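Novice: Would you be able to build a 3D model of this:
(chains A and B)
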Amino acid sequence: MRARERCGPEDDKQRSLHARPAAVCAVLNFFESLIRWRELIAVFAFHRMTARYRSSWLGPLWIALSFIIFAGGIAGMWSMFFDRPFSDFFPYVALGLFSWNLTGGVMVDSARSLQQSKNILLQSSVPTHIFPIIGAVKNIFVIPHYLIVCIPIFVIFHGEYSLRLLWLIPGFALLFAFMAATSLLLGYLGAYFADLAELLANGLRFVFFFTPILWTTDMRPGMPPIWLLNPFYYVVELIRGPALGTSDPVFIYSMVAGGTAVIALAAGLIIFVLRDTVRLRIS
Amino acid sequence: MKWRSSTAPQPASDHPLLSVENASVRFPDSSAHKRTNTQKQSLVQLAHNSAHSFRTKPVLEDLWLDLRGGHRVGLVGPNGSGKSTFLRFLAGAIPPASGRIFRTGRTIAILSAQAGLEMNATGYENIFLRSLLLGVKLPEIRAAMDDIIEFSGLEDRLQEPVRTYSAGMVLRLAFSISTAFPADILLIDEWIGTGDAAFIGKAKARLSAMVSNTKILVVASHNESVIRTLCSEAIFMLDGRIAHHDAVDSTFAVYNHWLLAPKTP
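Specialist: Residues are numbered from 1 along each chain as shown, chains lettered A, B, ... in the order given. As a prediction, the model looks like this:
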């Protein structure tokens, strides 16, 4: 039986049998709609992902190529500047960049998603929250492009395997949850504040330098751990931490889980209030 | 939650229902702050204008409707009377500000040709994208694929991006997709406007076949003969309200009387 039937007021008999609080209904309806529209989400996300390298000669290789050039180039130069072994620094930069690109991509994509889908929303009854989710799924589809580079880098330059790697399983799950929650929150905010997407696109470039991706936290011994104030630090460590042993997964994961919960709650409240009226706002 | 309509088209149902209970639709009133947008704004003005932008104005009011299988309704009324907005509201693309709307059964709305077409995607991809937006599942889309391709007459162009298509080709593609799947509730805004003569003839036949298979039809048109042919009842809309809802003859009598009556400004 579908969640709506259990929750809807149209069937009073059912309602009395399965009375549920409105918030539970809203959450059930939300997940039910994701399942119901799964094909739409997947096909649109795949289309939006391939749109960026449409009709180019190297196609999907561009994503992997630009990633390896950027990570390799920076790591090569920085390792000379700071006199660090390249084999240490390259996987560090690559895995940091991996999480960064994904979360940054989700943020910018989702902030634009509802405005971008204006034509569709004006005509169809597809729930509005599907479109930020498409932005998140699009970035999940990008992951294999990075992995075909990141895994060889890890194997060749790091090559230490331990049980700690098992943390990556909940790590990826947390990363997906974070991406989904962020995309929903920013998706709705972006529909109301058209500046948000531009602000993010430019602001993130700035925050990038404050996030330990191109630098390591142990470069200046005695420096107060100001990076702990940067929420992106935890997201970046989500994958890099277990892979390279740069941080304690328990601490990082509990921080990200807590943060994701707060974002999801905020997103939930916003969706609850704006899910329908946002259609009027963007028109 | 105010909006309890089924937000998604559902599989074919034996008892389709389109029911509106005392609903109203309000749009954000942007006229208030647009007026001063060109002028230099003080902080006070800016705050004032932001508050204004949350104000709304009524667009549709006092809507009651109860359609079941077999109902064929024509919407008539002057420009700006809310016919298209009403159709978008019935399609679920606009939420009610008050009141309720219930919809069961698969709804297909043919409101605008370009809606949901991704200009950078190929015609072939767009068949999938647009059909999915209609709430059709992938197996059904694949089954209908040959029919869509054949009817659109675009076999040799389907691998090219839609942005390279002419306006008529875009219309043909969009129309072919929207009419490829059986609907319980069919909402049509204006009966086929553009396209070349050959296509209009084909399209009319296809749409008529679709209409005869649909259980609930709501069609807005300025063409009296279209409504007389398709519909058993008609709604005269005026200033965002249902001014008259009765059999076609009766509604046209009221409408034509209104058309001929001198207007008081």
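
Novice: Can you say which helix or strand has residue B:109 in it?
Specialist: Here residue B:109, judged by DSSP states H and E, is contained in strand B:107-110.

Novice: buried sites along that strand?
Specialist: For strand B:107-110, burial by neighbour count (16 or more other Cβ atoms under 10 Å in any protein chain shown) applies to B:107, B:108, B:109, B:110. C-betas here are computed from N, CA, C, even on glycine.

Novice: Excluding residues flanking it in the chain, which one is nearest the closest residue to chain A within the stretch 51-200 of chain B?
Specialist: Using Cβ to the nearest Cβ, residue B:92 is the residue of the stretch 51-200 of chain B that sits closest to chain A, at 2.8 Å. The shortest distance from residue B:92 to any non-neighbouring residue, by Cβ to Cβ, 6 or more residues apart in numbering or on different chains, is to residue A:125 (2.8 Å).

Novice: just checking, the one you found touches residue B:90?
Specialist: No: contact between residue A:125 and residue B:90 fails when scored by Cβ atoms under 8 Å: they sit 9.7 Å apart.

Novice: rewinding a little: near chain A, list only the ones from the buried residues of strand B:107-110.
Specialist: Restricting the buried residues of strand B:107-110 to those touching chain A (Cβ under 8 Å from any Cβ of the partner chain) yields B:107, B:109.

Novice: quick revisit: can you work out which residues contact both of residue A:125 and residue B:90?
Specialist: Shared contacts of residue A:125 and residue B:90 (Cβ atoms under 8 Å, 6 or more residues apart in numbering or on different chains): residue B:107.

Novice: Between those two, which has more neighbouring residues?
Specialist: Set side by side, residue A:125 and residue B:90 show more neighbours around residue B:90, with 27 against 24, by other Cβ atoms under 10 Å in any protein chain shown.

Novice: Can you pull up the most central residue in the chain?
Specialist: Since no chain was named, I'll use chain A. Central residue of chain A (Cα atoms, centre = their mean): residue A:179, 2.7 Å from the mean position.

Novice: please go with chain B instead
Specialist: Central residue of chain B (Cα atoms, centre = their mean): residue B:111, at 3.8 Å.

Novice: From residue B:87, how far out is it?
Specialist: Applying Cβ to Cβ, to the nearest Å, the value for residue B:111 to residue B:87 is 6 Å.

Novice: would you say the residue nearest to the centre of chain A is within a helix?
Specialist: Yes: counting by DSSP: H, G, I helix; E, B strand; the rest coil, one finds residue A:179 located in a helix.

Novice: Run through the residues that contact it.
Specialist: Contacts of residue A:179 (Cβ under 8 Å, 6+ apart): A:102, A:103, A:106, A:136, A:139, A:140.

Novice: Also residue A:91?
Specialist: A:153, A:154, A:157, A:158, A:243, A:244.

Novice: Please apply the same query to residue A:112.
Specialist: Per Cβ under 8 Å, 6+ apart, neighbours of residue A:112: A:135, A:190, A:197.

Novice: What about the second one, how many residues nearby?
Specialist: Meaning residue A:190. Neighbours of residue A:190 using other Cβ under 10 Å come to 29.

Novice: same check, this time on the last one
Specialist: For residue A:197, the number of neighbouring residues by other Cβ under 10 Å comes to 21.

Novice: buried sites along the longest helix anywhere in chain A?
Specialist: In chain A, assigned by DSSP state H, the helix with the most residues is helix A:86-116. Neighbour-count burial for helix A:86-116, with 16+ other Cβ under 10 Å as criterion, is recorded at A:89-116.

Novice: any idea where the helices of chain A begin and end?
Specialist: Under DSSP H, chain A gives helices at A:3-7, A:12-17, A:22-36, A:38-51, A:61-81, A:86-116, A:118-121, A:130-153, A:168-192, A:195-208, A:231-244, A:249-274, A:278-282.

Novice: Can you redo those helices as a markdown table, where the extra columns are mean pLDDT?
Specialist: Output for those, formatted as a markdown table (pLDDT from 0 to 100):
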| stretch | mean pLDDT |
| --- | --- |
| helix A:3-7 | 42 |
| helix A:12-17 | 43 |
| helix A:22-36 | 86 |
| helix A:38-51 | 91 |
| helix A:61-81 | 89 |
| helix A:86-116 | 91 |
| helix A:118-121 | 83 |
| helix A:130-153 | 92 |
| helix A:168-192 | 93 |
| helix A:195-208 | 91 |
| helix A:231-244 | 91 |
| helix A:249-274 | 91 |
| helix A:278-282 | 80 |
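
Novice: wait, which of the ones you listed is closest to residue B:159?
Specialist: Smallest distance to residue B:159 across the helices of chain A (Cβ to Cβ): 14.1 Å, for helix A:38-51.

Novice: what sits up against stretch A:265-278?
Specialist: With contact meaning Cβ under 8 Å, 6+ apart, stretch A:265-278 is reached by A:23, A:26-27, A:30, A:114, A:127-129, A:181, A:184-185, A:188-189, A:191-192, A:281, B:1-3, B:95.

Novice: Using PDB, list the CA coordinates for that stretch.
Specialist: Extracted in PDB, the C-alpha atoms of stretch A:265-278 (Å, rounded to 0.1, in the frame of the first residue of the first chain):
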ATOM      1  CA  LEU A 265      16.000  18.500   8.900                       C
ATOM      2  CA  ALA A 266      16.300  22.000   7.500                       C
ATOM      3  CA  ALA A 267      15.600  20.700   4.000                       C
ATOM      4  CA  GLY A 268      12.600  18.800   5.200                       C
ATOM      5  CA  LEU A 269      11.100  21.800   6.900                       C
ATOM      6  CA  ILE A 270      11.700  23.900   3.800                       C
ATOM      7  CA  ILE A 271      10.200  21.300   1.500                       C
ATOM      8  CA  PHE A 272       7.200  20.900   3.800                       C
ATOM      9  CA  VAL A 273       6.500  24.600   3.500                       C
ATOM     10  CA  LEU A 274       7.600  25.500   0.000                       C
ATOM     11  CA  ARG A 275       7.200  22.300  -2.000                       C
ATOM     12  CA  ASP A 276       4.200  23.600  -3.900                       C
ATOM     13  CA  THR A 277       4.400  27.400  -3.600                       C
ATOM     14  CA  VAL A 278       7.900  27.300  -5.200                       C
END
